[in-house]
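**Q** Got a predicted structure plus its sequence, pasted below:
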Amino acid sequence: MAHAIVEYSENIENIINLQDLIDKIHQCCLETGVFPAQGMRTRGVKRELFRVGNVNEEAFFVHIQIKMGPGRKENEKQRAMEEIFSVLELETENLRKKAPVALSIEVNELPEKLRINNNNLRDFNSIS
């Protein structure tokens, strides 16, 4: 189980290709080998109400929350976080040359007993 929640300021919507960003973050999560394909979920969440830094209205933000089940080693989580953040930096590189941008990422491990997961994705995995 792992979720990548990509929060972004509304003002970035027409500046970068958000679907492409979500796709690349999802692919990176899978390529780390840390998260199971059937358990990986990646989604974007637009924040319409926000403030960044010194309240510069031209400032943008993107924040990634990685939520995962227990059982991964600390160095695996650190490596995955760094790889995912590298994708975010690369995808926002041009924007960061022109405007103030705040990027961040955090990793949260959810307690095993305080979550419920159920899916049938493995049943359909071989169907194209």
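**A** Good, I have the coordinates.
**Q** where does the protein have low pLDDT?
**A** Within the chain, the segments meeting pLDDT under 70 span 125-128.
**Q** which strands and helices sit next to the top helix by length along it?
**A** Counting by DSSP state H, the longest helix found in the chain is helix 74-91. Under the contact criterion of 3 or more C-beta pairs under 8 Å, 6 or more residues apart in numbering; DSSP states H and E, helix 74-91 touches helix 18-31, strand 60-68, strand 101-109. Just so you know, the C-beta spots here come from the backbone N, C-alpha and C atoms, and that holds for glycine as well.
**Q** quick one, that helix and helix 18-31 angle?
**A** Calculated by axes from the mean of the first three to the mean of the last three C-alpha atoms, to 10 degrees, helix 74-91 forms an angle of 150 degrees with helix 18-31.
**Q** Could you point out the helix or strand that follows helix 74-91?
**A** Tracing the chain past helix 74-91, the next element assigned as helix or strand by DSSP states H and E is helix 93-98.
**Q** CA atoms of that next one as PDB?
**A** The C-alpha coordinates for helix 93-98 follow below in PDB (Å, rounded to 0.1, in the frame of the first residue of the first chain):
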ATOM      1  CA  GLU A  93      12.900  23.200 -13.300                       C
ATOM      2  CA  ASN A  94      11.900  25.800 -16.000                       C
ATOM      3  CA  LEU A  95       9.200  27.300 -13.800                       C
ATOM      4  CA  ARG A  96      11.700  27.700 -10.900                       C
ATOM      5  CA  LYS A  97      14.000  29.800 -13.200                       C
ATOM      6  CA  LYS A  98      11.100  32.300 -13.700                       C
END
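**Q** Let me know which of the helices and strands packed on helix 74-91 is the nearest to residue 123.
**A** Among the helices and strands packed on helix 74-91, helix 18-31 comes nearest to residue 123, with 19.1 Å by C-beta to C-beta.
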